[in-house]
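Enquirer: fold the stuff below for me.
(4 chains)
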Number of protein chains: 2
Amino acid sequence: MVSATKFSATKSSAPETAAPDAAEPTARQAAVLDAVLALMQEKGGQLTMTAVARRASCSKETLYKWFGDRDGLLTATVQWQASRVRAGRYDRQRLDASSLRDSLRDFAANWLSVISSPTSIALNRVAITHAASQQSNLGQIVLENGRFAIGGRLKPVLEEGRAAGLLAFDDTEAAFRTFFGLVGRDVQIRLLLGDGLKLGKAEIARDAAAATDQFLTLYGRTDPKPAAA
Amino acid sequence: MVSATKFSATKSSAPETAAPDAAEPTARQAAVLDAVLALMQEKGGQLTMTAVARRASCSKETLYKWFGDRDGLLTATVQWQASRVRAGRYDRQRLDASSLRDSLRDFAANWLSVISSPTSIALNRVAITHAASQQSNLGQIVLENGRFAIGGRLKPVLEEGRAAGLLAFDDTEAAFRTFFGLVGRDVQIRLLLGDGLKLGKAEIARDAAAATDQFLTLYGRTDPKPAAA
DNA sequence: AGGAAGCCGTACCGTACGTTACGGTTCGGT
DNA sequence: ACCGAACCGTAACGTACGGTACGGCTTCCT
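Expert: Predicted structure coming up:
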């Protein structure tokens, strides 16, 4: 079930490009994982080990040596993709109403871009399929790097906004979930189910702005002074 | 690919319990479809024809005679489940602010109950898996009976609310999508990905009320008079 | 009673795919 | 030049599963 050999980097205990335990993929391994991502998008569910080997011009034996089994390959792929989505720095300069709004818009637009990308759709489909077969924890990993990752990055912004007297809420988590809902709405489920919904840059920008405005209507303080009790 | 014999009811052209073309399942067939639903929830992805036959105490030959192929069985199952979710009449009496709020809360609570039910989760997972393998249109069917069905039923309510001067919006679809987002938030994706999120009756009622309040904050008219231009 | 139809249980077939094994090639180290 | 390790391409194996065939049982019609 669980791959025993969290893929080892050829030389067993040699400090390669990264921590020897967390296991950063080598360039060649990354190429394989990219092939997996590409196949997921093109071929959908028919993601066979043979197809991966052919696409990546490597042997199946190598796949198994590096990743243990099919599940290990999938897990490594999810983590590989997650490792390069860490976008957006959102420099916490001093917050005013305008910069807060901009930050929220950026978050919203970035999130919409991610969930509407073919890569994310394919990855989520695979993870959901696996969650159904209650094998491995692919679903958790995707959740951790998607929904919960963005939550962890947005919540500090919300709390800074509150500290600056720009937002009002008791429960940060609840406020974040509202934002999440206003931004995502029905987009993700429709895309996952194969609806032909198209999101261009213009629509994303527009929707992100609209969601941000709605969020600020619900949680923004019209009186921008810190609580002068 | 497409099952040729949209399941026929034993006696070819005899008017059974329903239209001979739309094909309402017989009691026995319904029992089989219930077995499929039960297996989906318990066994997840390993939904094999043999397992269905064993669970339903019928032969695989019968399954194929009735439903054509595996896809036909799945499609029939989705439609069978959809056929009995048609809940909520929402009698359009005269609308005031209070009854509108109640209607919206009912919609929200009902929708949350549906998407958090094991049946819905299992069904959506299967549909998403199929959408990935670009075979059949299971995803579309689920979408049609889920997201779009509730839209079709809620939009008239919203428009009545607008006609009564209780709501203000230009785009009914946009208003509905906002409501959808406020209610669903991250619930569906988390459940689909296997997160251990529990929604009891109390939480559903609370969340439905909160989402409704937020929606009314965004779209409600504080001045409840019809447009007295 | 006799026959036909529907259906259950099971055996069977073909294929797809995960996994393993193996021969041949490249390449770095000595 | 030689050795061994890593790796590629491919063949082979075992199994799971979709789909089919068949024998026997029940039911219903005449």
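Enquirer: how about the residues of chain A near DNA strand C?
Expert: Residues of chain A found near DNA strand C (Cβ under 7 Å from any atom of the strand) are A:Gln46, A:Leu47, A:Thr48, A:Met49, A:Thr50, A:Ser59, A:Lys60, A:Glu61, A:Tyr64, A:Asp69, A:Arg70. All C-beta spots, glycine's among them, are computed from the backbone N, C-alpha and C.
Enquirer: quick one: A:Thr172 from A:Ala164, how far?
Expert: Using Cβ to Cβ, to the nearest Å, we find A:Thr172 at a distance of 15 Å from A:Ala164.
Enquirer: if we can go back for a sec, and the two most separated of the residues of chain A next to DNA strand C?
Expert: In terms of Cβ to Cβ, these reach their longest pairwise distance at A:Gln46 and A:Glu61, which sit 21.4 Å apart.
Enquirer: report pLDDT for the nearest residue to A:Leu95 once chain neighbours are set aside.
Expert: Using Cβ to Cβ, 6 or more residues apart in numbering or on different chains and skipping residues adjacent in sequence, the residue nearest A:Leu95 is A:Ala164, 4.7 Å away. For A:Ala164, the pLDDT comes out at 94.
Enquirer: next one: phi and psi at A:Ala164?
Expert: Phi and psi for A:Ala164, reported as degrees, to the nearest 10, are phi -80, psi 0.
Enquirer: now for it: which residues touch it?
Expert: Residues counted as contacts of A:Ala164 (Cβ atoms under 8 Å, 6 or more residues apart in numbering or on different chains) are A:Arg94, A:Leu95, A:Asp96, A:Leu100, A:Pro226.
Enquirer: picking up where we left off before, near chain B, from the residues of chain A next to DNA strand C?
Expert: By Cβ under 8 Å from any Cβ of the partner chain, the members of the residues of chain A next to DNA strand C lying near chain B are A:Gln46.
Enquirer: distance of the residue nearest to A:Leu95 relative to A:Ser98?
Expert: Distance from A:Ala164 to A:Ser98, by Cβ to Cβ: 12 Å.
Enquirer: again, but for A:Ala31
Expert: The gap separating A:Ala31 from A:Ser98 is 43 Å, by Cβ to Cβ.
Enquirer: so these two - more neighbours on which side?
Expert: A:Ala31 (13 against 9; other Cβ atoms under 10 Å in any protein chain shown).
Enquirer: need the contact list for the closest residue to that one other than its chain neighbours.
Expert: Distances taken as Cβ to Cβ, 6+ apart place A:Ala56 nearest to A:Ala31, at 6.3 Å, with adjacent residues excluded. Shown in contact with A:Ala56 (Cβ under 8 Å, 6+ apart): A:Ala31, A:Val32, A:Ala35, A:Val36.
Enquirer: try it again at 7 Å.
Expert: Contact analysis of A:Ala56 by Cβ atoms under 7 Å, 6 or more residues apart in numbering or on different chains lists A:Ala31, A:Val32, A:Ala35.
Enquirer: do you know the pLDDT at it?
Expert: On the pLDDT scale, A:Ala56 is placed at 93.
Enquirer: roughly how far does the residue nearest to the spatial centre of chain A sit from A:Trp80?
Expert: Of all residues in chain A, the one closest to the mean position by Cα atoms, centre = their mean is A:Gly146, 3.3 Å from it. Distance from A:Gly146 to A:Trp80, counting by Cβ to Cβ: 14 Å.
Enquirer: over to A:Ser116?
Expert: For A:Ser116, the distance to A:Trp80 - Cβ to Cβ - is 20 Å.
Enquirer: show me what the strand or helix carrying A:Thr129 is packed against.
Expert: With elements taken from DSSP states H and E, the one containing A:Thr129 is helix A:118-132. Applying 3 or more Cβ pairs under 7 Å, 6 or more residues apart in numbering or on different chains; DSSP states H and E, one finds that helix A:118-132 contacts helix A:27-43, helix A:70-83, helix A:138-145, helix A:187-192, helix B:118-132.
Enquirer: can you pull the contacts of the residue nearest to A:Arg177 when sequence neighbours are not counted?
Expert: Distance criterion Cβ to Cβ, 6+ apart; nearest residue to A:Arg177, sequence neighbours excluded, is B:Arg185 at 4.6 Å. With contact set as Cβ under 7 Å, 6+ apart, B:Arg185 has these partners: A:Arg177, A:Thr178, A:Phe180, A:Gly181.
Enquirer: look up phi and psi at B:Arg185.
Expert: phi 50, psi -120.
Enquirer: same question for A:Gly220.
Expert: Dihedral pair for A:Gly220: phi -80, psi 150, per degrees, to the nearest 10.
Enquirer: just give the nearest non-adjacent residue to A:Leu182, would you?
Expert: Nearest residue to A:Leu182, sequence neighbours excluded (Cβ to Cβ, 6+ apart): A:Ala211, at 4.2 Å.
Enquirer: can you tell me the SS state at A:Ser136?
Expert: Look at A:Ser136: counting by DSSP: H, G, I helix; E, B strand; the rest coil, its state is coil.
Enquirer: distance of the residue nearest to A:Leu95 relative to DNA strand D?
Expert: 52 Å (Cβ to the nearest atom of the strand, to the nearest Å).
Enquirer: kindly report the same for A:Val36.
Expert: Distance of A:Val36 to DNA strand D, given as Cβ to the nearest atom of the strand: 14 Å.
Enquirer: so who does the closest residue in space to that residue that isn't next to it in sequence touch?
Expert: The shortest distance from A:Val36 to any non-neighbouring residue, by Cβ to Cβ, 6+ apart, is to A:Thr77 (4.5 Å). Shown in contact with A:Thr77 (Cβ under 7 Å, 6+ apart): A:Leu33, A:Val36, A:Leu37.
Enquirer: can you pick the most crowded of these?
Expert: With neighbours defined as other Cβ under 10 Å, the most crowded of the contacts of A:Thr77 is A:Val36; it has 26 neighbours.
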